[in-house]
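Engineer: Let's see this in three dimensions:
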Amino acid sequence: MPVVADLPPPQVFDALFDKWADEALRVAGFSAEKPGQENRIPDIVKRKVAQLCEMQICFPDSKPACFRMADSKKGKGGPYNRFSYFSSTKTILPNWEYFVQIAAFRDLIFEYGYSADWMKFEYHESHPPVWISVDIEIKIPGRPKIFVEVKERRVDLQNLIAAVKSIGKSGVVLNQPDRGNDALRKAKYIIAGRPDYFVGYSPEGFDQYQAQYEAGNRFMLVPAQMPKVKGEERKNPLPGKKDGQGDRGTILHKTSPNRSAHENQSGTSK
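Structural biologist: Below is the predicted model of the structure:
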């Protein structure tokens, strides 16, 4: 199993980011300064993202400055915008959280043995009256279902989880308006989607909880390790891509042989 020493150096990511930023300038549709990293991406995140890019698990879309993931959607989810575009201020900003989300996807493969075939990057599903939108959803065959929520900073993740716990203890009102209330939305996803584990991820790693459900749309998040997959179970193939559109073909794990835009341009802000 790859260890930190096996990861590409941060400079590999830096070169990729420079290329992506040039692509963003070309497609912005307005004059802007080239977006930079602003010292916001930790080296460990850079190295993990670079690894998945080298392995083509995270691969470029045919649309410039966008990417797709070779997950259970076989690379057909997305495309996901690396940047958001704001024509009113002539600004291009990286979608910072996506880099951390890709790092989480990497750790789930290499640290927990999960096949990419079991995971959905940007999972969306309707459970009326709730529209579930989770950063990463995992369904291990014959094992628990896991929701992963990603934050760029651990302090924000910890504050979110504390608020979600409080809502779960008092009971979730599924029809309650949740605009601007991230914790309430996550609590609704838990009640509607019934994951066995609700897991947070930041550059420092995972904060893991088992969800225990009670009457009255109440739940508790109890610290517990999500399961690791060992041995032969790891030999599930990774889905793939072709020409930036999905259908890559089969590759075995190396471990086992914006919703925001420049007003009229689609993008996903993280």
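Engineer: Please count neighbours and contacts with C-alpha atoms only from this point.
Structural biologist: Will do.
Engineer: Let me see the ranges of the strands in the stretch 51-200 of the chain.
Structural biologist: Along the stretch 51-200 of the chain, counting by DSSP state E, counting those that start in this stretch, strands occupy 58-60, 66-69, 80-81, 83-86, 91-94, 119-127, 130-139, 145-150, 197-202.
Engineer: Am I right that Val222 is in contact with Tyr213?
Structural biologist: No - at 10.8 Å, Val222 and Tyr213 do not qualify as touching, with contact defined as Cα atoms under 8 Å.
Engineer: Just list the residues touching the residue nearest the centre of the chain, thanks.
Structural biologist: The chain has Gln101 as the residue nearest its centroid, 3.3 Å off, counting by Cα atoms, centre = their mean. Gln101 is in contact with Asp135, Val150, Lys151, Tyr201, counting by Cα atoms under 8 Å, 6 or more residues apart in numbering.
Engineer: Surely the third one and Tyr98 touch.
Structural biologist: Read it as Lys151. No - with contacts counted by Cα under 8 Å, Lys151 stays clear of Tyr98, the gap being 9.2 Å.
Engineer: which regions of the stretch 101-250 of the chain sit below the pLDDT cut-off?
Structural biologist: Applying pLDDT under 70 to the stretch 101-250 of the chain flags residues 231-250.
Engineer: switch the cut-off to 50
Structural biologist: Within the stretch 101-250 of the chain, the segments meeting pLDDT under 50 span 235-237, 239-250.
Engineer: before we move on, back to that, could the contacts of Gln101 go into CSV alongside neighbour count and distance to Asp71?
Structural biologist: Putting the contacts of Gln101 into CSV (neighbours: other Cα atoms under 10 Å; distance: Cα to Cα, whole Å) gives the following:
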residue, neighbour count, distance to Asp71
Asp135, 23, 13
Val150, 27, 17
Lys151, 21, 20
Tyr201, 25, 18
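Engineer: quick one: which of those residues is nearest Glu111?
Structural biologist: Distances from Glu111 to the contacts of Gln101, taken as Cα to Cα, are shortest for Tyr201 (13.3 Å).
Engineer: Could I get the contacting residues of the closest residue to that closest one other than its chain neighbours?
Structural biologist: Spatially, and ignoring its direct neighbours in sequence, Tyr201 is nearest to Val150 (4.8 Å; Cα to Cα, 6 or more residues apart in numbering). Residues near Val150 by Cα under 8 Å, 6+ apart: Glu97, Val100, Gln101, Ala104, Asp135, Leu157, Gly200, Tyr201, Ser202.
Engineer: 10 Å - rerun?
Structural biologist: Contacts for Val150 (Cα atoms under 10 Å, 6 or more residues apart in numbering) come out as 97-104, 134-136, 156-157, 199-203, 205-206, 270.
Engineer: Report the buried members of those residues.
Structural biologist: Neighbour counting by 16 or more other Cα atoms under 10 Å classes 97-104, 134-136, 157, 199-203, 206, 270 among the contacts of Val150 as buried.
Engineer: Mind splitting the protein into its structural domains?
Structural biologist: Using automatic domain parsing, the domains assigned to the chain come out as 1-99+239-270, 109-231.
Engineer: what about the closest residue to Asn175 other than its chain neighbours, distance to Val173?
Structural biologist: Spatial nearest neighbour of Asn175, chain neighbours left out: Pro129 (6.8 Å); criterion: Cα to Cα, 6+ apart. Look at Pro129 and Val173: by Cα to Cα, to the nearest Å, they are 10 Å apart.
Engineer: quick one, which of these two is more surrounded?
Structural biologist: Val173 (17 against 10; other Cα atoms under 10 Å).
Engineer: Contacts only, for that one.
Structural biologist: Counting by Cα under 10 Å, 6+ apart, Val173 makes contact with Ile167, Leu184, Ala187, Lys188, Ile191, Gly216, Asn217, Arg218.
Engineer: In helices only, show me those.
Structural biologist: Mapping the contacts of Val173 onto helices (DSSP state H) picks out Ile167, Leu184, Ala187, Lys188, Ile191.
Engineer: Kind regards, and thank you for your time.
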